[in-house]
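Peer 1: need a structure here:
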Amino acid sequence: MTLSRPSLADLKPGQRPRSRRRWYKRSFRLQVMLLVGLLLAGMLLAQGTYLNHRKADIVTAQMGERALAVANTVASMPSIVAAFDTDDPARIIQPLAERVRMETGARYVVVGNTQSIRYSHPVPERLGQRMVGGDNDQALRDGRSYVSEATGTLGTAMRGKAPIRDEAGNIIGLVSVGFLVDRVEMDAARYTSLGWMLVGLMILLGFAGAYVLSQHLKKVILGLEPYEIARLALEKEAILQSIHEGILAVNREGNITLVNQQARRLMELPDDQALLGQPIREVVPNSRLLEVLKRGEQEFDQQMWLGDHPVVVNRVPIIDEGEVEGAVATFRSRREIVDLSEALTQASRDVDMLRAQAHEFSNKLYTISGLLQLGRVEEALKLIHQESERAQKQMSFLMSHVADTVLSGTLLGKLTRARELGVALEIDEQSSLSQPLTPSGQEAMMTVVGNLLDNAFFAALHGPRADSPTVRLFFTDLGEQLVIEVDDNGPGVSAEHVESIFSEGFSTKTGQHQGLGLALVARLCRQYGESVTLEESELGGACFIAVLNRSLCVQAGPEPPVVDC
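Peer 2: A predicted model of the protein is given here:
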């Protein structure tokens, strides 16, 4: 039996799993086509807009220069200059100006005197009237020839203005030649239309090329959508990490390409050690995977030891089209004994914590929902921020003062339970646990802390100060012992019950299955060489002090040996 490259035949190119998302939000082909096409279209449109704008500016400037040239020509015509000395200049100037207008295609050629009184105009009825636009001063006062844009009786136009001078050089009038802006824009559009047609054609070709590219990419990835590829990768990673067997794979060069957490645990390799890309000989000097790569033969059910773990190893080559592309080793531990009681105890604690959290947060959510329905958005946000700050403060304290994550989780659950019951649970700021706990230490600490806090909650809620129930917790691992101190403001323990408070089956509570918690705490303290005592609390109730041996904390040890797989 050989391993070949993983096949995705089950996901055919045309298949799509049902989803509430629309097709256009999922189609990789459409996304690539739109991305490439729109990018190309944006670049072409930006470039075409700039070039055509420049071309339109050039056409407009040329039209203005044309108007100015015509104006200068008319202003220098001797017959125009001589007409100003006659009694009726308009009689001579009007036909000349109209002829020039017809030949040049201008909208109007207007000749006026120094008072801007018209001697020519396309509309004869406007002869003798004052020129409109207010842009004659530079020609009449300064004697300049220039181009301007102004609105006259015939509309907005590009105007060429030129002064008329007599033989002595005196300004006796001016010429205004105009091309309407609409005409100028039409001429500019005519010159730029070809450019826009080319831009449109290139955009169409760009989208066609993007479509071809998207088709090719879709074929390369076997018709899968990106989210499907991501899902397969996540599923593969989840499967590899959840498999009970250790898995280690190398490529044809003998470099590690895959290793799961179970393999690290069985080989006693640290989690932070980078393995991917490393030669297998440097990580596991005596590995037989290189021999499997060389021979291409499979090895099944090979028994060996990984440190103190007896394992069974399978080694198989990865073959693609007849070539050995790599090899995979899988190994499983022969020690399959599971501590069911520990698992059930942990599961029970998790259920209690989750139940308390669910109950608490459901109340908070109902409150927030009610505030939102009442339109009290600011109060809802304030409540959310308060909860967030409280949770962050608790998490920050536990992360900085408690080195064991299991104990942190237990304390977090008890804080949630206390809020649910309405009890003020205070953790002394001097509390600390500088070293993680061993598995036995975790079990002992969770049992001791959990039972003492549960009893303190009950006492505080049923004491003389039930209107403000308060419980205080202190713990430390300084010195040679683990000390846990729990105070409450309940009624305390009467003198007649002090001797029997730690006896199994004794309880001041009513109901069945009582009298177990404190007895279990006392038994654990004795088991680990220490004791539990009862004192009077500063809060007015009872104070239980449980002492455990510090051997329950993890001790620094030598580096784990390198083993063979």
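
Peer 1: I figured Leu276 was touching Ile256, is that so?
Peer 2: Yes - Leu276 lies in contact with Ile256 (Cβ atoms under 8 Å); the separation is 5.8 Å. To be clear about C-beta, it is placed using only N, CA and C from the backbone, and glycine gets the same treatment.

Peer 1: So these two - more neighbours on which side?
Peer 2: Ile256 (21 against 9; other Cβ atoms under 10 Å).

Peer 1: tell me the contacts of that one?
Peer 2: Ile256 makes contact with 248-250, 275-280, 283, according to Cβ atoms under 8 Å, 6 or more residues apart in numbering.

Peer 1: Could you save those as TSV and add columns showing distance to Gln386 and pLDDT?
Peer 2: Below are those laid out as TSV (distance: Cβ to Cβ, whole Å; pLDDT from 0 to 100):
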residue	distance to Gln386	pLDDT
Leu248	49	87
Ala249	50	89
Val250	54	90
Leu275	45	81
Leu276	45	83
Gly277	48	83
Gln278	49	86
Pro279	55	87
Ile280	54	83
Val283	50	78
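
Peer 1: So what sits opposite the nearest residue to Pro122 once chain neighbours are set aside in the bridge?
Peer 2: Spatial nearest neighbour of Pro122, excluding adjacent residues (Cβ to Cβ, 6 or more residues apart in numbering): Tyr108 at 4.9 Å. In this entry, Tyr108 is beta-bridged to Gly178, by DSSP bridges.

Peer 1: Let me see the contact set for Tyr108.
Peer 2: 101, 121-122, 152, 154, 157, 176-178.

Peer 1: if you set the cut-off to 10 Å instead, what comes out?
Peer 2: 97-98, 101, 118, 120-123, 126, 152-154, 157, 159, 176-180 (Cβ atoms under 10 Å, 6 or more residues apart in numbering).

Peer 1: Next: Phe457.
Peer 2: 414, 417-418, 420-423, 425, 469, 471, 486, 488, 490.

Peer 1: secondary structure class for Ala82?
Peer 2: helix (DSSP: H, G, I helix; E, B strand; the rest coil).

Peer 1: and it, how many neighbours?
Peer 2: 13.

Peer 1: any idea how far it lies from Asp166?
Peer 2: 9 Å (Cβ to Cβ, to the nearest Å).

Peer 1: quick one: the helices in the stretch 101-250 of the chain?
Peer 2: Listed in chain order, the helices of the stretch 101-250 of the chain (DSSP state H, counting those that start in this stretch) span 137-141, 181-220, 226-242.

Peer 1: And the stretch 451-565 of the chain, by the same measure?
Peer 2: For the stretch 451-565 of the chain, the helices defined by DSSP H, counting those that start in this stretch cover 517-527.

Peer 1: Ranking helices and strands of the chain by mean pLDDT, which lands last?
Peer 2: The helix or strand of the chain with the poorest confidence is helix 23-26; it has a mean of 47 (mean pLDDT, DSSP states H and E).

Peer 1: How is this protein divided into domains?
Peer 2: 20-242, 243-333, 390-552 (automatic domain parsing).

Peer 1: Would you format these as JSON lines with distance to Glu378 included?
Peer 2: Listed next are these as JSON lines, based on distance: least, Cβ to Cβ, whole Å:
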{"stretch": "domain 20-242", "distance to Glu378": "34"}
{"stretch": "domain 243-333", "distance to Glu378": "45"}
{"stretch": "domain 390-552", "distance to Glu378": "19"}
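
Peer 1: now this protein, which segments are flagged as low pLDDT?
Peer 2: 1-26, 28-29, 56, 183-192, 286, 304-310, 334-361, 387-394, 504-516, 555-565 (pLDDT under 70).

Peer 1: mind checking the SS state of the residue lying closest to Gly195 once chain neighbours are set aside?
Peer 2: Distances taken as Cβ to Cβ, 6+ apart put Asn52 closest to Gly195, at 5.0 Å, once the chain neighbours are dropped. Classification of Asn52 by three-state DSSP places it in helix.

Peer 1: Pull the contacting residues for Glu429.
Peer 2: Applying Cβ under 10 Å, 6+ apart, the residues contacting Glu429 are 397, 401, 474.

Peer 1: just checking, the first one touches Ile427?
Peer 2: So that's Phe397. Yes - in this structure, Phe397 is within contact of Ile427 by Cβ atoms under 10 Å, at 6.9 Å.

Peer 1: The two - which one has more neighbours?
Peer 2: Higher neighbour count among Phe397 and Ile427: Ile427, with 19 against 15, using other Cβ under 10 Å.

Peer 1: quick one: the more buried one and Lys414 touch, right?
Peer 2: Yes - if you go by Cβ under 10 Å, Ile427 and Lys414 touch, sitting 9.4 Å apart.

Peer 1: what is in contact with these two at once?
Peer 2: Contacts common to Ile427 and Lys414, judged by Cβ under 10 Å, 6+ apart, are 471, 473.

Peer 1: in stretch 86-104, what's buried?
Peer 2: Buried residues in stretch 86-104, defined by neighbour count with 16 or more other Cβ atoms under 10 Å: 89-90, 92-94, 96-98, 100-101, 104.

Peer 1: which strands and helices sit next to the helix or strand Leu290 falls within?
Peer 2: Using DSSP states H and E, Leu290 falls within helix 289-295. Using 3 or more Cβ pairs under 10 Å, 6 or more residues apart in numbering; DSSP states H and E as the contact test, the elements touching helix 289-295 are strand 246-251, helix 280-283, strand 299-306, strand 309-320, strand 323-333.

Peer 1: Quick one: residues contacting Glu237.
Peer 2: Counted by Cβ under 10 Å, 6+ apart, Glu237 has contacts 258, 260.

Peer 1: That one and Glu225: what is the separation?
Peer 2: Note on Glu237: its distance to Glu225, by Cβ to Cβ, is 19 Å.
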